[in-house]
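>>> attaching a predicted model along with its sequence, questions to come.
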Amino acid sequence: MVLSDPDKFFKYYPLQMVGAAGPWTQNGISTKTFYVGKRNAGTIGTVGGKEGHYGATRPGFMHKKNISSLKMSVGVVPGRSGALTTHGIPMVNYNSNKYGGIDLHGNIAAKPHFVPSPAAN
């Protein structure tokens, strides 16, 4: 549903996004492979009647339904979705190299660009 009807998916299902580390191809294509699965599935048991439930709800008939919270990350865990190829675009820092990010040294014109991949979902 993330690919076929994203508006409906994101209206009802919370998705925690986890970033990916480089390498990044500046001024070129950088793709990353992600997987979608339940948050902490199999490690914390069932909360609120649903595995991976973190307070997420969606409308039901005359009540709200508890639903699983999802996480999108590069880690492959049993029960997760198939591979989703994404465009890789790194975070950059305006004036530092904090967290290993690209340092623009205060010059926004130095910001590298990243080319979208036709192979991405």
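Nice, thanks for sending it over. This one's a predicted model, so the numbers in the text were calculated from it and none came from an experiment.
>>> lowest-pLDDT helix or strand in this protein?
When each helix and strand of the chain is scored by mean pLDDT, DSSP states H and E, strand 46-47 comes last, with a mean of 50.
>>> what about Val115, how many residues nearby?
Per other C-beta atoms under 10 Å, the neighbour tally for Val115 reads 12. C-betas here are computed from N, CA, C, even on glycine.
>>> which residues touch it?
27-29 (C-beta atoms under 8 Å, 6 or more residues apart in numbering).
>>> ok, these vs Lys8, which is closest?
Closest approach between these and Lys8, by C-beta to C-beta: Ile29, at 29.8 Å.
>>> what mean pLDDT does stretch 98-113 get?
On average, the pLDDT along stretch 98-113 is 80.
>>> what does that stretch rub up against?
Residues from elsewhere that reach stretch 98-113 (C-beta under 8 Å, 6+ apart): 24, 26-27, 90-97.
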